[in-house]
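In: From the sequence below, what's the structure:
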Amino acid sequence: MVSLVSDAVKSCIPPADAKSITWLPLFPFLLSGFLLSKPGWAHAHKETAVNSAVLGEQPLFSQTALLETLPWVLVIILLFICADLAVAFLGLRKRHVVLQEEYAKRKLLLNSVAEGVYGLDLQGNCTFCNSATLRFLGYQSEDELIGRNIHNLIHHTHADGSIYSAEDCKACLAYKKNMEVHLEDEVFWRADGTSFQAEYWSYPIRKGTRLVGAVVSFLDVAERKATEAKLVEANRELDAFVYTVSHDLRTPLSAITGYADLLKEIYSKELSADAWDMLTAIEAQGNKMAGLVEDLLALATAGTLERPSRPVDVRAEVDYVIKELQGELAHAGVQVVIGPLPDVRVSATLLTQIFENLIGNALRYAGSAGGPIEVGGERRQETVRFYVRDHGPGIPVDERARVFDVFFRGSVGKKIMGSGVGLATVQKIARLYGGRAWVEETEGGGATFLIEMEDVLPVDSSDL
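Out: Numbers count the residues shown, from 1 in each chain. This next block holds a predicted model:
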């Protein structure tokens, strides 16, 4: 019997990671062992059975024995129930502690980011927020925001004071229409009634395929906008200054080169060889200065044209540049190999400037090597990349970061005519269109100039 009970107990013991212990399967064995261990109950039961047999009656359990045992049975049942509840309670408490620790970690993570972050349910009510949200909006506690309609609190009015209804609110599109939204031309309102320029991202929260809310992150960009405005104004003033100076230099330069040429023409027979050489030098330096002035004007005006709404045929612009350089290309015996060229929404005038500078540089610096000049490009989603590759002497590694600086000629460029402004113009155009220009070494020798630009239409927030 003991062995049987022991085996049954072992078979009913749950694994160590069980949430709670179920004691009911053990109960029949434990109760049987308990009753058999009571001598009075067993003796009474035996005596009752003998008497019943003598009298010819069916054996019956002793009611007295049962009544004496019943309280003990109930106590044992209650003890097992209490034990089961205690184990279950300890499991729940452990789970509660784990959840509290997980919540604290996530809260710490949210409060560690610089952006304000808050959640919205499908009615636009706040479900959570971090400390940056409270700081930006001027609230003391998250209890002031959670459960309240965020649009009515912070996004209810435009910067000009006109009403901004929830139906028109772009941030609400995340939980209303399952859309991802990014804007930086709206304002949020603080608790004290003041406003600030905000850049925000509003994204849907999905549980599987079901939309359950949205999360919004935002920044106060008033200071950044003010700095950008000052920078734009400073660049505008600098460009105007360069344009004015360059324009004002044209007239005296034209006079200098014109008079030098006129003196050579009128007094060609009377001029000595030294005088002739000096006038030639004056004319050459004047023409060089005039070229520099033209390059400065191009640099000053680069990027002032609006981005076209339709893509421009880049191949047509490259063909135009090659046609303009045809004489020089033929003289140097250099062939231009044109690969695929994606269309791009950049002014045709600026594209011409880019390829005039890059192909012209490749011709001047690498044309003597006799290798071809390769031109091509590719599209990478909303970015286009163009390249102009030559097979000349290349550019030293320590000079590659500076070749786009104004007036920098480099060790190779000092031997060749140029102003050092062309590549600076290319870099300026690239940056104005959200990109950059850089140079790499061509495999086998030479230089490959690359330029990347964004090719996206301006987002009209009224279309969202």
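
In: which residues of the stretch 351-464 of the chain fall in strands?
Out: Secondary structure of the stretch 351-464 of the chain (DSSP state E, counting those that start in this stretch): strands located at 373-380, 383-389, 436-441, 447-454.

In: Show me the one of those strands that comes nearest Asp319.
Out: For the strands of the stretch 351-464 of the chain, the distance to Asp319 is smallest for strand 373-380, at 10.3 Å, taking CB to CB. Backbone N, C-alpha and C define where each C-beta goes, glycine included.

In: Stretch 356-374: end-to-end distance?
Out: Start-to-end span of stretch 356-374 (CA to CA, to the nearest Å) is 14 Å.

In: Just put the strands of the stretch 351-464 of the chain in a markdown table and tack on mean neighbour count, distance to Ile150 and mean pLDDT.
Out: As requested, the strands of the stretch 351-464 of the chain are exported to a markdown table (neighbours: other CB atoms under 10 Å; distance: least, CB to CB, whole Å; pLDDT from 0 to 100):
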| stretch | mean neighbour count | distance to Ile150 | mean pLDDT |
| --- | --- | --- | --- |
| strand 373-380 | 18 | 37 | 92 |
| strand 383-389 | 21 | 35 | 94 |
| strand 436-441 | 16 | 38 | 90 |
| strand 447-454 | 21 | 32 | 92 |
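
In: Save the ones you listed as JSON lines, and put in distance to Ala214 too.
Out: JSON lines is the format used below for these (distance: least, CB to CB, whole Å):
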{"stretch": "strand 373-380", "distance to Ala214": "30"}
{"stretch": "strand 383-389", "distance to Ala214": "29"}
{"stretch": "strand 436-441", "distance to Ala214": "34"}
{"stretch": "strand 447-454", "distance to Ala214": "27"}
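
In: what's the span of stretch 151-170 from first residue to last?
Out: 10 Å.

In: Report the buried residues of it.
Out: Neighbour counts using 16 or more other CB atoms under 10 Å place 151, 153-156, 164, 169-170 of stretch 151-170 among the buried residues.

In: Ok, stretch 358-368 next?
Out: Under the neighbour-count criterion of 16+ other CB under 10 Å, stretch 358-368 has 358-367 buried.

In: just to revisit the earlier point, out of the buried residues of stretch 151-170, who's nearest Leu99?
Out: Leu153 (29.4 Å).

In: Now do the same contact list for the nearest residue to the closest one once chain neighbours are set aside.
Out: Using CB to CB, 6 or more residues apart in numbering and skipping residues adjacent in sequence, the residue nearest Leu153 is Leu145, 7.1 Å away. Counting by CB atoms under 8 Å, 6 or more residues apart in numbering, Leu145 touches 118, 126, 129, 133-134, 137, 139, 153.

In: Just the buried residues out of the residues you listed, in PyMOL syntax.
Out: Buried residues among these (16+ other CB under 10 Å), as a PyMOL selection:
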select buried, resi 118+126+129+133+134+137+139+153
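
In: Okay, and which of the contacts of Leu145 map to helices?
Out: Of the contacts of Leu145, the ones assigned to helices by DSSP state H are 133-134, 137, 153.

In: which one of these sits closest to Asp319?
Out: Closest approach between the ones in helices among the contacts of Leu145 and Asp319, by CB to CB: Thr133, at 55.3 Å.

In: Burial check on the residue nearest to the closest one when sequence neighbours are not counted, number of neighbours?
Out: Nearest residue to Thr133, sequence neighbours excluded (CB to CB, 6+ apart): Gly116, at 3.9 Å. The tally of other residues near Gly116 (other CB atoms under 10 Å) stands at 23.

In: do the same with Gly208
Out: Residues lying near Gly208 (other CB under 10 Å) number 6.

In: Quick one: residues contacting Leu351.
Out: Applying CB under 8 Å, 6+ apart, we find Leu351 in contact with 312, 314, 317, 344.

In: Farthest pair within those residues?
Out: Glu317 and Val344 (9.9 Å).

In: Please enumerate the helices of the stretch 351-464 of the chain.
Out: 410-413, 422-432 (DSSP state H, counting those that start in this stretch).

In: Using the three-state scheme, assign Tyr203.
Out: With DSSP: H, G, I helix; E, B strand; the rest coil as the basis, Tyr203 sits in strand.

In: So, low pLDDT: which residues of the stretch 51-200 of the chain?
Out: Scanning the stretch 51-200 of the chain for pLDDT under 70 picks out 51-70, 103-104.

In: Tell me where it has strands.
Out: Under DSSP E, counting those that start in this stretch, the stretch 51-200 of the chain gives strands at 116-120, 126-129, 181-189, 195-207.

In: Tell me which other helices or strands the third one touches.
Out: Put plainly, it is strand 181-189. The elements that strand 181-189 packs onto, with contact taken as 3 or more CB pairs under 8 Å, 6 or more residues apart in numbering; DSSP states H and E, are helix 150-154, strand 195-207.

In: in the longest one, what counts as buried?
Out: Think strand 195-207. Residues 195-205 are the ones in strand 195-207 that count as buried (16+ other CB under 10 Å).

In: how big is the angle separating that strand from strand 181-189?
Out: Angle, strand 195-207 to strand 181-189, by axes from the mean of the first three to the mean of the last three CA atoms, to 10 degrees: 130 degrees.

In: Domain ranges for the chain, per the record?
Out: Following automatic domain parsing, the chain resolves into domains at 2-108, 116-220, 225-301.

In: Of those, which stretch is the most buried?
Out: Most buried of the domains of the chain, by mean neighbour count (mean count of other CB atoms under 10 Å): domain 116-220, with a mean of 16.

In: how far is that domain from where the chain is centred?
Out: Computed by CA atoms, centre = their mean, to the nearest Å, the chain-centroid distance of domain 116-220 equals 20 Å.

In: Between which two of the ones in helices among the contacts of Leu145 is the distance greatest?
Out: For the ones in helices among the contacts of Leu145, the farthest-apart pair by CB to CB is Leu134 and Leu153; their separation is 12.2 Å.

In: Any chance you could list what contacts stretch 196-215?
Out: Contact partners of stretch 196-215, identified using CB under 8 Å, 6+ apart, comprise 117-122, 127, 136, 159, 170-175, 178-188, 190, 216-222, 225.

In: Equivalent analysis for stretch 311-328, please.
Out: Contacts for stretch 311-328 (CB under 8 Å, 6+ apart): 329, 336, 338, 341-348, 351-352, 355-356, 359-360, 363, 367, 375, 377, 386, 455.

In: What residues of it count as buried?
Out: Residues of stretch 311-328 classed as buried under the neighbour-count rule (16+ other CB under 10 Å) are 312, 314, 317-318, 321-322, 325.

In: In CSV, list the ones in helices among the contacts of Leu145 along with distance to Leu211.
Out: Supplementary listing: the ones in helices among the contacts of Leu145 in CSV, determined by distance: CB to CB, whole Å:
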residue, distance to Leu211
Thr133, 22
Leu134, 27
Leu137, 25
Leu153, 22
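
In: Could you single out the nearest of those residues to Arg431?
Out: Nearest to Arg431, judged by CB to CB, of the ones in helices among the contacts of Leu145 is Thr133 at 33.7 Å.
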